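A.B. asks: Below are the sequence and a predicted model; questions follow.
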Amino acid sequence: MRKPWTRWLGLLLLAAATTMTVTARAGDLDAVKRNFAKRFPKLEVRKIAPAPVDGLYQVLVGNRILYTDANADYVLLGNLIDARTRQNLTAKQLHQWLRVDFSKLPLSDAIKVVHGDGSRILAVFADPDCPFCKRLEHALQSVPNVTVYTFLFPIDQLHPGATKLSEAIWCAPDRAKAWETHMLHGTVPSAPGSCKNPVARNVKLGHELGISSTPTLVFPDGNVVIGAIGAPRLNQLLDAYRELPKPPAGGKAR
């Protein structure tokens, strides 16, 4: 029995073959984008480019890549693999498209915690009620010599009250301590969160960067990793960027 995804792939490749001539003659990226928008008006297209397969286009929606033909009659979600090299072309393109200019991150809007000498650097977009963010925070306790900038990024649709909790953490007398205490031990700050805070700005920034899930990790070279990862992998990735500029001086060491 043929698997459902093989039938979808067959239909998509057939669409590519039948639309290839039209696309080469009259189509362009703007036309493909318009066609896609007509089919899926609720999906925001962040980027679009020709796919490695003739007649197909890769479309970045949120933090996922979709494949479509020129008319947007067919859409496929999945990994495109180069059968000759076994390379995941979807992952490669997604890595390039999701890169973030670390130098433009407003680090003053993040909670700064310095572990050891702080010689390595990491930015994290995190929701205080996200269980995977808590798992990441536990892993960070075993990662030495790193400066972590945490951008409070509440997702109220998943965790009602996350925005109020984020504001309370930011407004605590020692926000770094309040953040770690909550994430590691579940302690909720007593501060009402009525001070000026960057939570709304962080949410807007995250959306502009295409961040839609937590935790999202941003490394100094612009590499983005989505989801919690363990201490060994964190150390490995941080070591790869040790030669990049060090974080600004100061901050609360621990």
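C.D. replies: Now that the structure is in, tell me what you want to look at.

A.B. asks: okay, CA-based contacts and neighbour counts for the rest of this
C.D. replies: Fine.

A.B. asks: Arg84 belongs to a helix, doesn't it?
C.D. replies: No. Read with DSSP: H, G, I helix; E, B strand; the rest coil, Arg84 is coil and lies in no helix.

A.B. asks: Where does pLDDT dip in this structure?
C.D. replies: The chain contains residues with pLDDT under 70 at 1-27, 242-254.

A.B. asks: any chance you could map the helices in it?
C.D. replies: All helices of the chain, identified by DSSP state H, fall at 4-26, 29-39, 89-97, 131-140, 162-170, 175-185, 199-208, 231-240.

A.B. asks: can you list these in JSON lines and add distance to Thr147 and mean neighbour count?
C.D. replies: JSON lines is the format used below for the helices of the chain (distance: least, C-alpha to C-alpha, whole Å; neighbours: other C-alpha atoms under 10 Å):
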{"stretch": "helix 4-26", "distance to Thr147": "43", "mean neighbour count": "15"}
{"stretch": "helix 29-39", "distance to Thr147": "40", "mean neighbour count": "17"}
{"stretch": "helix 89-97", "distance to Thr147": "23", "mean neighbour count": "16"}
{"stretch": "helix 131-140", "distance to Thr147": "10", "mean neighbour count": "19"}
{"stretch": "helix 162-170", "distance to Thr147": "18", "mean neighbour count": "23"}
{"stretch": "helix 175-185", "distance to Thr147": "12", "mean neighbour count": "18"}
{"stretch": "helix 199-208", "distance to Thr147": "19", "mean neighbour count": "16"}
{"stretch": "helix 231-240", "distance to Thr147": "10", "mean neighbour count": "15"}
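
A.B. asks: Let me know which of the ones you listed is the nearest to Asp82.
C.D. replies: helix 89-97 (6.6 Å; C-alpha to C-alpha).

A.B. asks: quick revisit: need the helices of the chain in CSV (columns: distance to Asp54).
C.D. replies: Shown next, in CSV, are these (distance: least, C-alpha to C-alpha, whole Å):
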stretch, distance to Asp54
helix 4-26, 7
helix 29-39, 14
helix 89-97, 14
helix 131-140, 39
helix 162-170, 45
helix 175-185, 48
helix 199-208, 30
helix 231-240, 35
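
A.B. asks: I'm done for today, thanks for sticking with me.
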